[in-house]
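S.K.: Just a sequence and a predicted model for now, questions to come.
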Amino acid sequence: MEKEIKDLLLKHSTELFGTPINENSIQFQKTRKEIEGDLTLVIFPFVKLLKTSPVETGERLGKFIKDTFEDIESYSVVSGFLNFTISGSYWLKQLNEVSKDENYGFARPNSRPMIMVEYSSPNTNKPLHLGHLRNNFLGYSVAEILKAYGHEVIKTQIINDRGIHICKSMLAWEKFSPVNEKGERETPANTGLKGDKLVGNYYVTFDREFNKEANEIIAAWEKGEFENYPAEIVDEFKRLSDSKSGKDEKAIAGIDAKIKDLAKNQTSILLEAKEMLVKWEARDPQVYLLWSTMNNWVYEGFKQTYNAMGVDFDKLYFESDTFLLGKDIVAEGLKTGVFYQKEDGSVWIDLTEDGLDEKLVLRSDGTAVYMTQDVGTAVDRFRDYPGLTGIIYTVGNEQDYHFKVLFMILQKLGFEWSDNCSHLSYGMVDLPTGKMKSREGTVVDADDLMAEVVAQAEEMTQERGHIEGFSAEEKNELYTLIGLGGLKYYLLKVDPKKRMLFNPEESIELNGNTGPFIQYAHARIRSLLKKAGKYGALTETRLLLEEKEIIKHLVTFPAIVEEAALNHSPAVIANYAYELVKLYNHFYQSIPILIEEEEELKNTRLVLSENVAKVIKLAMQLLGVKVPERM
RNA sequence: GGGCUCGUAGCUCAGCUGGAUAGAGCACCUCCCUUCUAAGGAGGCGGUCUCAGGUUCGAAUCCUGACGGGCUCACCA
């Protein structure tokens, strides 16, 4: 209806206003609750054109529009707003349209260009944590939303499987892993530990030993024992140490941190790790075997976690595969003058004219940095998928600058698709106690959290669920569905861009704006429909206000999907679903459905309920949240 | 210090391409299961939309500045 009115005004604008009007000056909004009407047109923009009062302008437009559309029953002008009341039969027709389409709101699959969505992208030295949950749920959901909007979507990730951090875990495992009676070191098989957890433990072990050794070095320096250390390091230490006198506490802490870095670089353990990295790059068979063995443990662990999260990928990329291509591209770019080389051999790009800095793209020793492999990975992807038009990178907002630079480099290298690449930048997840810090042990582990949330759902469901006759397996499925659904909804209902607070109590809450609240509404409707058995089709009936409100909301679903797709925002979908459920619950509570005696009214209400359940399900599907038939 | 970003009820968040009296949830207080799942519903309490200017018929929304929080400015990833 909005579109029809808009077209009408545009078509007749000269006749109505004496001049063609801008499409943007036609603004619709929802009619306020207290005022009668279904649709409101803002008339201020036209007042100036007509040089009459708002009331007069409104009356004139109102009459013109009402006379054109049969379905507009009446209009009223209230302080600059033109409110239309639309006929019940129009809304019934709309409900019928919704009802006909099993995938209402979804576009035809693959009717839009191919897009790649990257998410997750973990390091292989640490288990996944709460931050990854936000990342994974977001990426998965945005991918589903884009599919629903018609895009062909490739879900992917880049696995950060190479570099010094992996070598640290490898080294710690070699040095410190206990040997059992069979002469084996710890493995996931002989410890029963998930592979990512086991490797993560050794990363922690490395860090502990690393710090221990660094502290010993500092202690030695403070006692004046400087033999075995290079003169320039010793000088630097003395300079830093002397500069502490007379400074305040904060400044001293800063200087101490610098001293710590200095000492860390002198540790034998770091040296060994670096040697290992060099060996890895040279494909030393022993190191390479250890590397692939430990990485495979991690992948196996991650696989379980992804499975529990309910996310999946169409294609994986590994940095160990793409960083060489990155180096090739840098070499080409150096020839064409996109990059330049400094005397020490390092390669840079100058972005100062674009308001950014100079950025390193290759170290002086010729090895790749993060940027190098990201360039390589991007190009690799477009080679793999000739139909690909763009990539969406789901990565935390601490990397905003990195992606700005990456896209600019790709553009300067002449890849036209760089314009279609975007950074889905999301805010950090804070805890009530503050930031998550691995050093302080405040990181919330993804597996633990999911298990906890499911256990909580079990407890709640046993307390109040309607699960008579469920098998043990069905029960467990339900607990998982509720626990995980709640967690996903909790993390997705907030605008991705914003930093958010994770409150453990709220995340398992069942009341209010939560996943289980929405799931419950769905289960209740399904149960109602089951009880109703067969019922007739829609017929011409009068509609109650409550029913009309719901239909109005259902009708906006396609526009919501579009908005969510364009903004890469699952939160838009979550808020929509919540609104829908609130409207429905109000209706459910105050209007008889099954016990309505008038057959036509009952049918209408059942069809309405059925479609509410359908749209809830579709919307939740876009968030990766499942909805139960009973709960 | 430069760049980016955020600041809405006690708390967590919607609203932000300018539009009517700024909305939810949680928490707190009242009510409602001899009607279909009360994991529900109705109502109450609670706001100088950080502050100060500006643009506009109209500003939580746009612009400028201040204050406060976060991120970032590595031959780390």
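M.R.: Now that the structure is in, tell me what you want to look at.
S.K.: Now do the contacts for the residue nearest the centre of chain A.
M.R.: Note on chain A: the residue nearest the mean C-alpha position is residue A:138, at 1.9 Å, using Cα atoms, centre = their mean. Going by Cβ atoms under 8 Å, 6 or more residues apart in numbering, residue A:138 touches A:119, A:394, A:424, A:426, A:491, A:492, A:496, A:570. Where you see a C-beta, it was placed from the backbone N, CA and C, and this is true even at glycine.
S.K.: And what about the residue lying closest to residue A:88 once chain neighbours are set aside, helix, strand or coil?
M.R.: Distances taken as Cβ to Cβ, 6 or more residues apart in numbering place residue A:543 nearest to residue A:88, at 4.3 Å, with adjacent residues excluded. Here residue A:543 is recorded as coil under DSSP: H, G, I helix; E, B strand; the rest coil.
S.K.: Residue A:543 against residue A:90, yeah?
M.R.: No - Residue A:543 lies out of contact with residue A:90 (Cβ atoms under 8 Å); the separation is 9.8 Å.
S.K.: By residue count, what's the longest helix in chain A?
M.R.: Longest helix of chain A, by residue count under DSSP state H: helix A:195-222.
S.K.: Residue A:100: neighbouring residues, count only.
M.R.: 9 (other Cβ atoms under 10 Å).
S.K.: meant to ask about residue A:53, not that
M.R.: Residue A:53: 12 surrounding residues under other Cβ under 10 Å.
S.K.: what residues are up against it?
M.R.: Counting by Cβ under 8 Å, 6+ apart, residue A:53 has contacts residue A:47.
S.K.: pLDDT score for it?
M.R.: On pLDDT, residue A:53 comes in at 85.
S.K.: With residue A:248 instead?
M.R.: 69.
S.K.: repeat for the one 5 residues further on
M.R.: The predicted local confidence for residue A:253 comes out at a pLDDT of 73.
S.K.: Check the gap between it and RNA strand B for me.
M.R.: Taking Cβ to the nearest atom of the strand, to the nearest Å as the measure, residue A:253 falls 16 Å from RNA strand B.
S.K.: After the helix or strand containing that residue, which helix or strand is next?
M.R.: For residue A:253, the enclosing helix or strand under DSSP states H and E is helix A:249-264. Scanning forward in sequence from helix A:249-264 by DSSP H and E, the next helix or strand is helix A:268-281.
S.K.: same for that following helix, what does it pack against?
M.R.: Packing partners of helix A:268-281 (3 or more Cβ pairs under 8 Å, 6 or more residues apart in numbering; DSSP states H and E): helix A:164-176, helix A:195-222, helix A:285-309.
S.K.: So for it, what gets flagged as buried?
M.R.: Judged by neighbour count using 16 or more other Cβ atoms under 10 Å, the buried positions of helix A:268-281 are A:269, A:270, A:273, A:276, A:277, A:279, A:280.
S.K.: Chain neighbours aside, what residue packs nearest to the fifth one?
M.R.: In space, and not counting its chain neighbours, residue A:277 is closest to residue A:167: 4.8 Å by Cβ to Cβ, 6+ apart.
S.K.: so who does that neighbour touch?
M.R.: By Cβ under 8 Å, 6+ apart, the contact list for residue A:167 reads A:273, A:274, A:276, A:277, A:280.
S.K.: Tell me if I'm right that the third one and residue A:287 touch.
M.R.: Yes - with contact taken as Cβ under 8 Å, residue A:276 and residue A:287 are classed as touching, separated by 5.9 Å.
S.K.: list residues touching both of the two?
M.R.: Listed as contacting both residue A:276 and residue A:287 by Cβ under 8 Å, 6+ apart are residue A:170.
S.K.: Just give me the neighbour total for residue A:584.
M.R.: If we define neighbours as other Cβ under 10 Å, then residue A:584 has 25 of them.
S.K.: Next: residue A:598.
M.R.: Counted with other Cβ under 10 Å, residues neighbouring residue A:598 total 10.
S.K.: hmm, back to that, buried ones in the longest helix of chain A?
M.R.: A:195-207, A:209-211, A:213-214, A:217-218, A:220-221.
S.K.: per-residue confidence averaged over it?
M.R.: 93.
S.K.: which helices and strands does it pack with?
M.R.: Packing partners of helix A:195-222 (3+ Cβ pairs under 8 Å, 6+ apart): helix A:164-176, helix A:188-191, helix A:231-242, helix A:249-264, helix A:268-281, helix A:285-309.
S.K.: Could you check how far the residue in the stretch 451-600 of chain A that RNA strand B sits nearest to is from residue A:582?
M.R.: At 2.2 Å from RNA strand B, residue A:512 is the closest residue in the stretch 451-600 of chain A, using Cβ to the nearest atom of the strand. Using Cβ to Cβ, to the nearest Å, residue A:512 is found at 10 Å from residue A:582.
S.K.: And residue A:404, by the same measure?
M.R.: Distance from residue A:404 to residue A:582, by Cβ to Cβ: 40 Å.
S.K.: tally of neighbours for residue A:542?
M.R.: That count, for residue A:542 with other Cβ under 10 Å as the rule, works out to 11.
S.K.: from what I can see it touches residue A:88, true?
M.R.: Yes - the criterion here is Cβ under 8 Å, and residue A:542 meets it with residue A:88 at 5.7 Å.
S.K.: And residue A:512 and residue A:582? Which one has more around it.
M.R.: residue A:582 (15 against 9).
S.K.: just to revisit the earlier point, restrict the buried residues of helix A:268-281 to those near RNA strand B?
M.R.: Among those, no residue is within reach of RNA strand B (Cβ under 7 Å from any atom of the strand).
S.K.: now stretch A:455-462: how far from the chain's centre is it?
M.R.: 27 Å (Cα atoms, centre = their mean, to the nearest Å).
S.K.: And stretch A:477-490, what's buried?
M.R.: A:478-490.
S.K.: Can you classify residue A:6 as helix, strand or coil?
M.R.: Classified using three-state DSSP, residue A:6 is helix.
S.K.: For residue A:44, give me the pLDDT.
M.R.: Reading off the confidence values, residue A:44 has pLDDT 89.
S.K.: Pretty sure it sits against residue A:80.
M.R.: Yes - with contacts counted by Cβ under 8 Å, residue A:44 reaches residue A:80, the gap being 5.3 Å.
S.K.: Show me the common contact partners of the two, please.
M.R.: Counting by Cβ under 8 Å, 6+ apart, the residues touching both residue A:44 and residue A:80 are residue A:54.
S.K.: Okay, now the unreliable bits of the stretch 151-300 of chain A?
M.R.: Within the stretch 151-300 of chain A, the stretches with pLDDT under 70 are A:248, A:250.
S.K.: For residue A:628, give its distance to residue A:457.
M.R.: 11 Å.
S.K.: Of the two, which one has the most company?
M.R.: For residue A:628 versus residue A:457, neighbours defined as other Cβ under 10 Å are more numerous around residue A:457 (26 against 20).
S.K.: So residue A:316 versus residue A:119, what's the distance?
M.R.: From residue A:316 to residue A:119 the distance is 12 Å (Cβ to Cβ).
S.K.: any shared contact partners between the two?
M.R.: residue A:157.
S.K.: Comparing the two, which residue is more hemmed in?
M.R.: Comparing residue A:316 with residue A:119 by neighbour count (other Cβ under 10 Å), the higher total belongs to residue A:119, at 26 against 13.
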